[in-house]
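Visitor: generate coordinates for the sequence data below:
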Amino acid sequence: MIFSKKTFFKISVLLAMSGAFVFAQESQPQNTESDKKTVNLTIYEAVDYALEHSHSLKTADIDLEIKARAGKNAWNVLLPTVQATGTLNRTTDISSNLSGTNTMMKLHGLPEIEETDSMKWTGIANLSVDWNFSLAMIQQIRAAKAGYEAGKISYEQSIVETEVNVKKLFYGLLLQQENLNLQKTTLENSRKRMVQAEANFKNGMVPELSMLQAQVTYQNKSPEVAQMEREFHQQLDTFAFLLGLPVGTDIVLQGSIEPFYVDLHYDTLIERYGNNSLDLQSIDKNIEQLQRNLDALNLSTYTPFFNISYGFKPMLTDFLDADKGGFPTGGDWTDSGSISFTIGWNLTNILPFSSNRQQAKDLQANLDKLKVSRKMLLENQKMTVRKSVDTLIQAREQIQSMNRSITLAQRSYDMTVRAYRNGTRELLDVRDAENQLNTAKLGLANQKFNYISALLDLETTLNTKLTGGEK
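Guide: Numbering: from 1, shown residues only. As a prediction, the model looks like this:
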């Protein structure tokens, strides 16, 4: 027996997210044995290192920074639009305009104006300030801030998820290490029995068949244990990669699978921590953000907008005429600037079949879906908590039962080994007793892992620490 199917599935799922590790190993130079660095890791050191070096957390940190900047500067929708331009214009032909002017000059007995090249040039400067305001902008600012709050919760969820996954992987590797150590002990016992059987055969104490059976048992067990050891070290490499350690780092796990037992009651947990869930907080913030966006859309539909527009537009003509002093004092200055105040209302958006109202209906539908999802999340949380509490109670009972089983299995094994040495028991009896002992020991470690895993899941669901085993 290696693992129970349930436990093996849990560990496999956690390690499955490291699929990129194979590519990383192929794309990077392999470390030689002399290049390997040995690192002793406790579970807390593993968590701290992962939180500092995790690539997924760095990505989540960037996402949070983007939302923080958007929330902090959401007020910029109230800024006016200020634009400054300068234009130099040359008219190709001004004869038609000049002809009309000269006609008027003749009527008044004044000399005609002669066409010059400077008359074709015009310099235009423009400074415009445009400011829009609507009540919808206030809700847009609030929606951006709600988005930032939702981002903070998502970032906290990423931290919790990383911490829990690292802890489960750490304990899962300890469970594999426990199994490997048991198999190594079994292999060493097989070797000793083989050596003893060879000595007994030479002394004529046992038949050749007994010696051959002992040799076959040892030879069959040896490659099996070697394969298990290779797989264990490969998964340690995977774990190092997930933590952000250099490829090839040799990890030595410091710790044991010893759960911190707690007495828990379903009703008490729901009453105290039922609203602590990060998933609930996240969906509440998403509901708030969506509600703000819907309010902004409705305000833009049913309330008018206000606009102030100011333009300063000085224009200089004939500024190249030396007789008029030249630029900037010479020439003919004019100003066509203006200021305007506007109140507007898009009446089309009020129509129930307009794209604006259809968008509002979609937002309301999504808001209703989120509210239903929240109710489902609450009920699912209750089921998860109840299941976790039942798992913890069952695992604790199994641990107590397994402790008694190990005591009995150990006595049975010791007695069988003594009887085998005295020649009253067969080698098959020893193997059966040893397998029963190993099964009991591994079953105990497996139930301890199940207890720790269920407790971690429960703490994640309720977003609280239920143990005093934290540093």
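
Visitor: distance of the residue most central in space within the chain relative to Glu459?
Guide: Most central in the chain under Cα atoms, centre = their mean is Ser158, positioned 4.2 Å from the mean C-alpha point. Ser158 sits 16 Å away from Glu459, going by Cβ to Cβ, to the nearest Å. To be clear about C-beta, it is placed using only N, CA and C from the backbone, and glycine gets the same treatment.

Visitor: got it, and Leu297?
Guide: 40 Å.

Visitor: how about Val262?
Guide: Remark: distance between Val262 and Glu459 (Cβ to Cβ) = 10 Å.

Visitor: overlap of the contact sets of those two?
Guide: Shared contacts of Val262 and Glu459, defined by Cβ atoms under 8 Å, 6 or more residues apart in numbering, comprise Leu466, Thr467.

Visitor: sorry, back to before: residues in contact with the residue nearest to the centre of the chain?
Guide: Ser158 neighbours (Cβ under 8 Å, 6+ apart): Ser56, Leu57, Ala60.

Visitor: which among the residues you listed end up buried?
Guide: Taking 16 or more other Cβ atoms under 10 Å as the criterion, what is buried in these is Leu57, Ala60.

Visitor: so Thr87 sits in a strand?
Guide: Yes - counting by DSSP: H, G, I helix; E, B strand; the rest coil, Thr87 falls inside a strand.

Visitor: quick one, phi psi at Ile308?
Guide: Per-residue torsions, Ile308: phi -120, psi 130 (degrees, to the nearest 10).

Visitor: around it, how many other residues sit close by?
Guide: For Ile308, the count of nearby residues is 14 (other Cβ atoms under 10 Å).

Visitor: just give the nearest non-adjacent residue to it, would you?
Guide: Trp131 (4.8 Å; Cβ to Cβ, 6 or more residues apart in numbering).

Visitor: walk me through the domains of the chain.
Guide: The record's domain parsing of the chain by automatic domain parsing lists 5-79+136-304+352-462, 81-133+305-344.

Visitor: now, of those, which is deepest in the fold?
Guide: Stretch with highest mean neighbour count among these: domain 5-79+136-304+352-462 (a mean of 16; mean count of other Cβ atoms under 10 Å).

Visitor: picking up where we left off before, does the residue nearest to Ile308 sit in a helix or strand, and which one?
Guide: Here Trp131 sits within strand 121-133, counting by DSSP states H and E.

Visitor: go on, Arg357?
Guide: Here Arg357, judged by DSSP H and E, is contained in helix 355-421.

Visitor: which helices and strands sit right next to that helix?
Guide: Helices and strands touching helix 355-421, by 3 or more Cβ pairs under 8 Å, 6 or more residues apart in numbering; DSSP states H and E, are helix 266-273, helix 278-302, helix 427-462.

Visitor: quick one: closest of those helices to Leu127.
Guide: When the helices and strands packed on helix 355-421 are ranked by distance to Leu127, counting by Cβ to Cβ, first place goes to helix 278-302 at 28.9 Å.

Visitor: ok, back up a step: please name the strands paired to the strand holding Trp131 in the sheet, noting orientation.
Guide: Here strand 121-133 is paired, per DSSP bridges, with strand 81-90 (antiparallel), strand 305-312 (antiparallel), strand 314-317 (antiparallel).

Visitor: so for the helix or strand where Ile138 lies, mean pLDDT?
Guide: Element membership for Ile138 (DSSP H and E) is helix 136-202. For helix 136-202, mean pLDDT rounds to 90.

Visitor: report the distance from that helix to the chain centre.
Guide: Relative to the centre of its chain, helix 136-202 is centred 18 Å away, using Cα atoms, centre = their mean, to the nearest Å.

Visitor: got the angle for it vs helix 278-302?
Guide: When axes from the mean of the first three to the mean of the last three Cα atoms, to 10 degrees is applied, the directions of helix 136-202 and helix 278-302 differ by 160 degrees.

Visitor: next SSE after helix 136-202?
Guide: Assigned by DSSP H and E, the successor of helix 136-202 is helix 208-243.

Visitor: tell me the contacts of Gly423?
Guide: Gly423 sits next to Met205, Val206 when contact means Cβ under 8 Å, 6+ apart.

Visitor: what residues are up against the closest residue to Pro80 other than its chain neighbours?
Guide: Sequence neighbours aside, Trp131 is the residue nearest to Pro80 in space, at 3.7 Å (criterion: Cβ to Cβ, 6+ apart). Neighbouring residues of Trp131 by Cβ under 8 Å, 6+ apart: Pro80, Thr81, Asn307, Ile308, Ser309.

Visitor: for the residue nearest to the centre of the chain, give its distance to Gln381.
Guide: Look at Ser158 and Gln381: by Cβ to Cβ, they are 20 Å apart.

Visitor: I'd say Leu456 and Lys167 touch.
Guide: Yes - the criterion here is Cβ atoms under 8 Å, and Leu456 meets it with Lys167 at 5.9 Å.

Visitor: need the pLDDT of the closest residue to Gly344 other than its chain neighbours.
Guide: Among residues not flanking Gly344 along the chain, Phe305 sits closest, at 5.4 Å (Cβ to Cβ, 6+ apart). pLDDT, Phe305: 91.

Visitor: touching, Phe305 and Ser134? I think so.
Guide: Yes - shown here, Phe305 and Ser134 form a contact pair, counting by Cβ under 8 Å, at 4.1 Å.

Visitor: how near is Ser373 to Ser388?
Guide: Distance of Ser373 to Ser388, given as Cβ to Cβ: 21 Å.

Visitor: now the stretch 201-350 of the chain, which segments are flagged as low pLDDT?
Guide: Flagging of the stretch 201-350 of the chain using pLDDT under 70 yields the residue ranges 317-333.

Visitor: quick one: mean pLDDT over the helix holding Arg357.
Guide: 91.

Visitor: try stretch 81-88
Guide: Mean predicted confidence for stretch 81-88 is 87.

Visitor: just the C-alpha atoms of that stretch, please, in PDB.
Guide: The C-alpha trace of stretch 81-88 is given here as PDB (Å, rounded to 0.1, in the frame of the first residue of the first chain):
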ATOM      1  CA  THR A  81     -10.000  69.400 -21.400                       C
ATOM      2  CA  VAL A  82      -7.500  72.100 -22.100                       C
ATOM      3  CA  GLN A  83      -6.000  72.400 -25.600                       C
ATOM      4  CA  ALA A  84      -3.600  75.000 -27.100                       C
ATOM      5  CA  THR A  85      -2.900  75.200 -30.900                       C
ATOM      6  CA  GLY A  86      -1.100  77.600 -33.200                       C
ATOM      7  CA  THR A  87      -1.700  77.900 -37.000                       C
ATOM      8  CA  LEU A  88       0.100  79.700 -39.700                       C
END
